[in-house]
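Enquirer: can you look at this prediction? I've put the sequence above it.
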Amino acid sequence: MTDAIVIIPTYNEKENIKEIIEVVFSLPEDFHVLVVDDNSPDGTAQIVKTLQKNSQNKVHLIQRKEKNGLGTAYIEGFKWCLAKHYKFIFEMDADFSHNPIDLIKLYEAAAQDNADVVIGSRYIKGVNVVNWPLMRILLSYGASLYVKLITGMRVQDPTAGFVCYRREVLEEINLDKIKFIGYAFQIEMKFKAYKKGFKIIEIPIIFTDRIRGKSKMSGGIISEAIFGVISMKWNSLFKKD
């Protein structure tokens, strides 16, 4: 059995899900895939079920009853992967904004360089973002600077969603106490790992905006990140978890 699994949360990703799973399986490293689908009305889960039939138990699916946010999808996925004893647990988007080929670089940093958390970073070497409008780049990069300023965490891309966690990190973090469900979830997970002294490495990637499907970004998600970071930092001064 492989020691690595990629969690892909989905909501209306029928244009992408089959192709991205096939690319993951074409890589020289053996990755399993866990799709966490939030009851996509476009039939994403049905596509995954079809792929499962010939996957040799490499494709797994969690079907949720409703759209409950990125953070809760990942938390549910993390718990499933821990129960199945995977050692390296990845987060990756379904829309090819994260290049599946880069999974190899993240895996090697964790397995060979003994990193506890490996981040596929858009900002470790300049700004490596393709097809984003200037305003969105400024918003994202500005958010990263803001998070570093407030938290003191020396991570160049704290909002990144392309991440590898060693199972020990997820076992140490109290997943039931993760507060945020949207954009800020990624920040909170990295901050928890940072506060617990885990080794965090950033690997440069090129982030390409989705070509097919719709973005899930919203004003509420951005607001959660802006105001949530302050409360997260404040609470960390008084709480261990």
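Expert: In hand now; what should we look at? Numbering: from 1, shown residues only.
Enquirer: secondary structure element for Val229?
Expert: Assessed by DSSP states H and E, Val229 sits inside helix 219-236.
Enquirer: please disregard the earlier target; I meant Glu66.
Expert: Short version: Glu66 belongs to no helix or strand, going by DSSP H and E.
Enquirer: so it touches Asn39, yeah?
Expert: Yes: counting by C-beta atoms under 8 Å, Glu66 touches Asn39, with 5.6 Å between them. C-beta coordinates here come from the backbone N, C-alpha and C atoms, glycine included.
Enquirer: pick out whichever of the two has more residues nearby.
Expert: Asn39 (13 against 6; other C-beta atoms under 10 Å).
Enquirer: now do the SS call for the more buried one.
Expert: What DSSP: H, G, I helix; E, B strand; the rest coil gives for Asn39 is coil.
Enquirer: kindly report the same for Lys49.
Expert: helix.
Enquirer: wasn't Ile101 part of a strand?
Expert: No: counting by three-state DSSP, Ile101 is not found in a strand; it is helix.
Enquirer: so it touches Leu27, yeah?
Expert: Yes: using C-beta under 8 Å, Ile101 is in contact with Leu27, at 6.9 Å.
Enquirer: who's more crowded, these two?
Expert: More neighbours surround Leu27 than the other of Ile101 and Leu27, with 15 against 12 (other C-beta under 10 Å).
Enquirer: quick one: pLDDT of that one?
Expert: Listed pLDDT for Leu27 reads 97.
Enquirer: look up how far Tyr123 lies from it.
Expert: Using C-beta to C-beta, to the nearest Å, Leu27 is found at 25 Å from Tyr123.
Enquirer: what do you get for Leu51?
Expert: If you go by C-beta to C-beta, the gap between Leu51 and Tyr123 works out to 34 Å.
Enquirer: mind checking the end-to-end distance for stretch 143-162?
Expert: 17 Å (C-alpha to C-alpha, to the nearest Å).
Enquirer: sorry, slip of the keys, the one I care about is stretch 80-97.
Expert: Start and end residues of stretch 80-97 are separated by 25 Å (C-alpha to C-alpha).
Enquirer: same check on stretch 54-74?
Expert: Stretch 54-74: ends 25 Å apart by C-alpha to C-alpha.
Enquirer: average pLDDT for that stretch?
Expert: For stretch 54-74, mean pLDDT rounds to 94.
Enquirer: off-centre distance for that stretch?
Expert: Chain-centre distance of stretch 54-74: 13 Å, with C-alpha atoms, centre = their mean, to the nearest Å.
Enquirer: how about that stretch: buried residues?
Expert: 58-62, 64, 67, 69-74 (16 or more other C-beta atoms under 10 Å).
Enquirer: now tell me what touches it from outside.
Expert: 2, 5, 7, 9, 11, 21, 25, 31-39, 45, 48-49, 51-52, 76-77, 80, 91, 161, 178, 180-185, 188-189, 216 (C-beta atoms under 8 Å, 6 or more residues apart in numbering).
Enquirer: what are the boundaries of the helices in the chain?
Expert: With helices called from DSSP state H, the chain shows them at 17-26, 44-52, 70-83, 103-111, 134-151, 167-172, 183-195, 219-236.
Enquirer: single out the most deeply packed of the ones you listed.
Expert: Of all the helices of the chain, helix 183-195 has the most neighbours on average by mean count of other C-beta atoms under 10 Å, namely a mean of 23.
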